[in-house]
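[1] Predicted model and sequence below, questions to follow.
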Amino acid sequence: MKTIAVIGAMPSELADIRSTLGEAGVKHLSGFDFYINSYKGNKIVNACCGIAKVNAALCTQVMIDNFAPDCVINTGVAGGMNSAVKVCDIVISTEVLPHDLDQHFLADYPPYCGIFKADDSLIRTAEKVCGEFDVKCFRGRIVSGESFVSDNKLKMSIQEKFEPYAVDMESAAVGHACYLNKTPYISVRCISDNADDEGAMSFDEFEKIAAKRVADIVLRMTELI
Ligand code: ADE
């Protein structure tokens with residue numbers, strides 16, 4: 001039996017996973033609620049971390065300290081940052097990093113790692129499940145920052161610097177915490193918007209559909225890990 005941690009930022013990003021898993025044991029730790037279920041032979045612990053990197057890093061650390069998961073899956077929605085990636089496609093992280101912090105602060109000072117690599121086996125599992133669901137998916141870099149990107153100029157400047165496939169507000173922090181704790185990690189995100197001038201409107205329209213799609217994929221992944 002493996003222990004699999006699933007972390008999402010907003011309650012809506014965990015709603016479908018929680019309704020499928022059913023009644024859970026709940027542990028309240030350091031301000032976070034950890035929902036604990038047995039599911040198809042594994043233990044799944046899911047938590048809503050809240051938005052942005054501090055929340056995500058703290059929640060990941062509390063999760064690891066208290067549940068020692070075999071791996072951490074960060075799930076939810078994201079903005080598309082590559083012209084091939086469309087709303088409702090899935091982006092599977094190959095690596096994550098912040099887009100709003102000079103990379104050398106993390107590379108030349110502790111933790112001496114500017115980019116946090118996702119786990120290869122989890123990447124392959126995510127791709128396999130997207131194939132089963134016949135959902136278009138891309139492997140690529142995900143960047144995270146302290147703002148919802150819905151501005152063409154900001155999008156272009158992030159694209160020029162980092163060439164990411166998706167932007168969100170948490171993946172880099174979950175990846176960072178997992179790196180420090182030597183815990184395998186992946187971020188699997190469904191695109192809710194294109195992080196451009198129409199991003200906020202698109203997010204409102206597609207967030208629920210995108211959240212449901214990625215929730216189904218993540219739950220199926222837990223059966224194959
Ligand atoms: N999450 C979903 N869409 C996003 C965007 N455009 N920017 C940051 N986080 C997001």
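    Looks like it came in fine.
[2] Do stretch 38-49 and the ligand come into contact?
    No - under the criterion of CB under 6 Å from any ligand atom, stretch 38-49 makes no contact with the ligand; the nearest approach is 13.6 Å. C-beta here means a position set from N, CA and C on the backbone, and glycine is covered the same way.
[3] in that stretch, what counts as buried?
    Judged by neighbour count using 16 or more other CB atoms under 10 Å, the buried positions of stretch 38-49 are 39, 43-49.
[4] For the ligand, what's the nearest residue on the chain?
    With CB to the nearest ligand atom, the shortest gap between the chain and the ligand falls at residue 79, namely 2.7 Å.
[5] picking up where we left off before, in strands, which of the buried residues of stretch 38-49 fall?
    Helix and strand membership here follows DSSP state E; of the buried residues of stretch 38-49, those in strands are 39, 43-48.
[6] can you put these in TSV and add pLDDT?
    Putting those into TSV (pLDDT from 0 to 100) gives the following:
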residue	pLDDT
39	97
43	98
44	98
45	98
46	98
47	98
48	98
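[7] Report the contact partners of residue 216.
    By CB atoms under 8 Å, 6 or more residues apart in numbering, the residues touching residue 216 are 16, 133.
[8] Tell me which helix or strand it sits in.
    In this assignment (DSSP states H and E), residue 216 forms part of helix 199-224.
[9] same deal with residue 125?
    helix 120-132.
[10] name the helices or strands packed onto the host helix or strand of residue 56?
    Under DSSP H and E, the secondary-structure element containing residue 56 is helix 53-67. Packed against helix 53-67 by the contact rule (3 or more CB pairs under 8 Å, 6 or more residues apart in numbering; DSSP states H and E) you find strand 3-8, strand 25-29, strand 32-39, strand 42-48, strand 71-80, helix 171-180.
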